[in-house]
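> Need the 3D shape of this:
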Amino acid sequence: MTRAFHPSPLERLTLDPATKPPQAAVIWLHGLGADGHDFAPLFRSAEQRLAEVKVLLPHAPERPVTVNGGMPMRAWYDIRSPELSSAPDLEGIRESAAAIGPLVDELEAEGIAPARIVLGGFSQGAVLALWTGLGLPRPLAGIAALSGYLPDDPPLDEAQRETPIFMGHGRSDGVVPFSQGEAARDRLAGLGCREPEWHPYPMDHGVSTDEAGDLLMWLGKVLQGKEG
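I've put the predicted structure just below:
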């Protein structure tokens, strides 16, 4: 019996694999002020490595962002202070998580089980990937968080306690300090999650060639069921 669900309201860019129907999927969440097109080149460059993988690249809605003078831009939640742990917009995070979760339901309705889906993201998208993914009631193939942090304890469903987690962060990150990435890693361990696969890189707030390569290698492992 097909599970009833409400489709996600999020607009998105979809990259369909050469092999149809897809056997697995990645949902990737962009950072502040970007949109789903931001990471499309990375996944297009990996078409051969992820030949059976469908990629969803949703666009966050536009909202005023306090640290940018209230200017509306695509954002998963408001940033009220350069000190990211100060007055976090938990309501906005929960609102976006409620829109992201149904993307998993949509893929499941297409025949892709949650255990064959990775939820990942960069910066704000990393926060939402962790927050949303860890709260889902059916085990995912994995969760990836690049240059992210955690403003509070995310919800954790028992189903996700053994879910593989990939975390990467630049040692010289001037937007999300490296220490906040480390704190998020340690916070997850304290919640009882599986110990994240942690990758520090000599870079600022971005994605290096080495990090992209490590991420794609990890995606290949967890989506092919070879992750140990």
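> The helix or strand hosting residue 98: how far from the chain's middle?
Per DSSP states H and E: residue 98 is located in helix 90-109. Computed by Cα atoms, centre = their mean, to the nearest Å, the chain-centroid distance of helix 90-109 equals 11 Å.
> Tell me which stretches of this protein form helices.
For the chain, the helices defined by DSSP state H cover 40-45, 90-109, 124-134, 178-191, 209-223.
> tilt between the longest one and helix 124-134?
Relative orientation of helix 90-109 versus helix 124-134 (axes from the mean of the first three to the mean of the last three Cα atoms, to 10 degrees): 60 degrees.
> still on that earlier bit, for residue 160, which of the helices of the chain is the nearest?
Counting by Cβ to Cβ, residue 160 lies closest to helix 124-134 out of the helices of the chain; the figure is 4.9 Å. No exception for glycine: its C-beta is placed from N, CA and C like everyone else's.
> how close does residue 124 sit to residue 162?
26 Å (Cβ to Cβ, to the nearest Å).
> Which residue of the two possesses the greater neighbour count?
Shown here are residue 124 and residue 162; by other Cβ atoms under 10 Å, residue 124 has more neighbours (29 against 9).
> distance of that one from residue 47?
The value you get for residue 124 to residue 47, if Cβ to Cβ is used, is 26 Å.
> Which strands or helices does the helix holding residue 98 pack on?
strand 24-29, strand 53-58, strand 117-122, helix 124-134 (3 or more Cβ pairs under 8 Å, 6 or more residues apart in numbering; DSSP states H and E).
> mind running it again at 7 Å?
Counting contacts by 3 or more Cβ pairs under 7 Å, 6 or more residues apart in numbering; DSSP states H and E, helix 90-109 packs against helix 124-134.
> And for the closest residue to residue 82 other than its chain neighbours, the neighbour number?
Distances taken as Cβ to Cβ, 6 or more residues apart in numbering place residue 67 nearest to residue 82, at 6.0 Å, with adjacent residues excluded. Close neighbours of residue 67, defined as other Cβ under 10 Å, add up to 14.
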